[in-house]
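Asks: Starting from these lines, generate the structure:
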Amino acid sequence: MTAAPSPSPSPSPTAASGRLHALDHLRATMMWLGIVLHACIAYMAAPSPLPWHDDLSTPVADLLVAVIHAFRMPLFFILAGFFVALLVQQRGLAGMARHRVRRLGLPFVVFWPPLFIATALLGLMFLHRMAHGTWGVWGLDRSLLPRGPNVPQGPPTMHLWFLWMLLWLTLLTPPVWAAARALPQAVQRTLQAAGAWLCASPLGGVLLTLPLAWIGAQYDHGIVTPSGSFLPPLAEWVHNGLFYAFGLCLYSQRRLLMARYERHWPVFAAAGLACFVVTGVLSEVLAQPEASAFALVLLTGGFTDVLAAPVSATRHLQFWMALAYNAASWLWSFALIGLFLRHMARPRAWLAYLADSAYWVYLVHLPLTVGFGALLYGVPIPAVAKIFLNVLATTALCLASYHLCVRFTAVGQLLNGHRHSRPYPGEPAHAH
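Replies: Next comes the predicted model:
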């Protein structure tokens, strides 16, 4: 799937420009959704992946986290692979690698240390508020941090794990791509045909989902959750790398596949919803081992030893849950690509502004959601209202800080490759 993409007929400049506008808007939307995702985690009814948690919870938070997580990171990696292939075509392998180091590696080096410190301090304040009902500004207590075999050792990459993993996937692309191009032409054509079939056929989609299901079955509820480690486990590389490789292949098949996504996006969305509902049903069943055994009988027809071994049945059922969840990931990714191609392909000033601000928002939103979560702890309002206020406050501060500190400064140059000139009254800003 990493063979050099075969050339496809070039679309008109207008069509190509509209396609890139749509995908850029989609990528920005996924970045902005991080605010909703991380604001919800503190209010989940299920056990939270983070140590801090509000005194109230709501199943709405669990639903939002599960839905957003199903497509957000898969889409990120698909789009990342697509744009890497575009950069290879425009700049060559070496030029692409230099560009990605500037856009991924340098921001990680610059922003990870202050973001880690800010998130750690605000998280400790949140934990102090949970434990004592007061602010631990001057007496931050590390003993409040959870301990155990499942707690990561050493500083984590936090939400910047995506930048870290994508950087290494990007740097691995040139040698793999060059090796593929060094193969005999007949082998290259076979690889290209196999990649096109996997990306375009329904059976290929099933085959792409099977390894994701096998990996997901090793995680709770079939959902691969990032470890945040600087040395991620192999499962995370394979899981995210598959979506990235799909994005590389998508570029070579862009005319065929994107036309299909645009035309049939409601069908993909409905099919993804059906798979997600199956995931939810199996999640409820998995909570009861005996029910898991009965459900496995219904799925497989295998009565032998199933009812006598409910724990084994649970492990088997976890695979089916992971299969349904990852099928939803693919289907919703295709649906969202099609939706944005259909309705968001035209350039709009407000969308361009949000797209320009999205990278900054992605970087800084996590400590803000933690800080506002700590402020709202103990406030006697419903959990859904707290989520709304957290999202609203984080969004406002992200936008204000972007406009004042990033858009017209060297930080904007670092993140987006250009900075905007400050406009005179009544004139729009211009990038340079």
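Asks: centre of the chain versus the host helix or strand of Ala94, how much separation?
Replies: Ala94 belongs to helix 59-100 when assigned by DSSP states H and E. Distance of helix 59-100 from the chain centroid (Cα atoms, centre = their mean, to the nearest Å) equals 7 Å.
Asks: got a list of what the residue nearest to Leu210 when sequence neighbours are not counted touches?
Replies: Among residues not flanking Leu210 along the chain, Leu323 sits closest, at 7.4 Å (Cβ to Cβ, 6 or more residues apart in numbering). Where you see a C-beta, it was placed from the backbone N, CA and C, and this is true even at glycine. Neighbouring residues of Leu323 by Cβ atoms under 8 Å, 6 or more residues apart in numbering: 209-210, 213, 216, 222.
Asks: again with His264
Replies: Gly338.
Asks: Model confidence for it, exactly?
Replies: Predicted confidence (pLDDT) for His264: 96.
Asks: Same question for it, what's its three-state structure.
Replies: Assigned by DSSP: H, G, I helix; E, B strand; the rest coil, the conformation of His264 is helix.
Asks: ChimeraX command for the buried members of the contacts of Leu323?
Replies: Those of those that count as buried under 16 or more other Cβ atoms under 10 Å are selected in ChimeraX with:
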select :209,213,216,222
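Asks: returning to that earlier point: next SSE after the helix holding Ala94?
Replies: Assigned by DSSP H and E, the successor of helix 59-100 is helix 106-132.
Asks: sorry, back to before: does the residue nearest to Leu210 sit in a helix or strand, and which one?
Replies: helix 310-343.
Asks: Could I get the average pLDDT for that helix?
Replies: 88.
Asks: Stretch 377-389 too?
Replies: 96.
Asks: tell me which residues of stretch 340-359 are tucked away?
Replies: Result for stretch 340-359 [16+ other Cβ under 10 Å]: buried residues 340-341, 344-345, 351, 353-359.
Asks: quick one: which of these sit in helices?
Replies: Here DSSP state H is the test, and the buried residues of stretch 340-359 give 340-341, 351, 353-359 as lying in helices.
Asks: May I ask which helix or strand encompasses the closest residue in space to Met165 that isn't next to it in sequence?
Replies: Closest residue in space to Met165, ignoring its immediate chain neighbours: Asn240 at 5.9 Å, by Cβ to Cβ, 6+ apart. Using DSSP H and E, Asn240 maps to helix 234-252.
Asks: by contact count, what packs against that helix?
Replies: Contact partners of helix 234-252 among helices and strands, from 3 or more Cβ pairs under 8 Å, 6 or more residues apart in numbering; DSSP states H and E: helix 59-100, helix 161-181, helix 185-200, helix 202-216.
Asks: what angle separates the longest one from helix 161-181?
Replies: Taking axes from the mean of the first three to the mean of the last three Cα atoms, to 10 degrees, one finds helix 59-100 and helix 161-181 inclined to each other by 50 degrees.
Asks: same deal with the third one?
Replies: Using the same axes, to 10 degrees, the direction of helix 185-200 lies 140 degrees away from that of helix 161-181.
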